[in-house]
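K.L.:
Need coordinates for the following:
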Amino acid sequence: MRRNAANAGQPPEETAASRQVAFRASESLIERRIREAEAAGMFQNLPGAGKPLPPDDDAHVPEDLRAGYRLLKNAGYAPSWIELQKHIYAELADLERWLDRITRRWARTGPLERERLRAEYEQKLRDLNRQITTYNLIAPPAAGQLPLRRPGRELAD
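P.N.:
Model (predicted):
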C-alpha cells in the first residue's frame, strides 16, 4: 500500500490477505515447535499414552458453556452450582449415617431425648433444603432440579 502525506504516521491498513499470511506464519512456527519437541522425545511416556481420552460428562451443561466449563475443570475449578451439588450429596450421606446411628439407639432413648433428636433432625432438613433451594436457583435448567427433603417417619415412636 502506498503511503501519502495524508496517512503518514498511521499504521498501514491490515487486509484479510495480510492476516492470512500472518496466521500461516504462526501456524508453521507452531508446527515446527511440535516437530522439534517430538524429535526431542518430549511426547514419550506421557500419562494415558495410547489410551482413549476419558469421556467428559457434560451432558447436563448447555452446549454454549461446555468449552468454558471444560477449561475450568481442567484448571481444577468447577462452577459454584457443581460444588454446591457435591456438598449437598455429602450432606445427604452424613444425614443418612446420622439417622442410622439414631435409629439403632432409638428404643433406648427417653421422651425428652427423642424430642431433642426430632428437633435436630428437622433442623438438619431445613438447612439441607436451604442448600437445595439455592442449588435449584443457580444450576442451569439442563442440570435438573434436586427434590426438597421432607421429614418422614424415620423418627416415629
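K.L.:
list the contacts for the residue nearest the centre of the chain?
P.N.:
When the chain is reduced to its mean C-alpha position, the nearest residue by Cα atoms, centre = their mean turns out to be A78, at 3.2 Å. Under the criterion of Cβ atoms under 8 Å, 6 or more residues apart in numbering, the neighbours of A78 are L72, K86. To be clear about C-beta, it is placed using only N, CA and C from the backbone, and glycine gets the same treatment.
K.L.:
tell me the pLDDT at it?
P.N.:
At A78 the predicted local distance difference test score is 81.
K.L.:
What of A22?
P.N.:
According to the predicted model, the pLDDT of A22 comes to 63.
K.L.:
Could you do D57 as well?
P.N.:
On pLDDT, D57 comes in at 69.
K.L.:
next one: the one 10 residues further on
P.N.:
Per-residue confidence for A67 comes out at a pLDDT of 85.
K.L.:
give me the number of residues near it?
P.N.:
A67 is flanked by 11 other residues according to other Cβ atoms under 10 Å.
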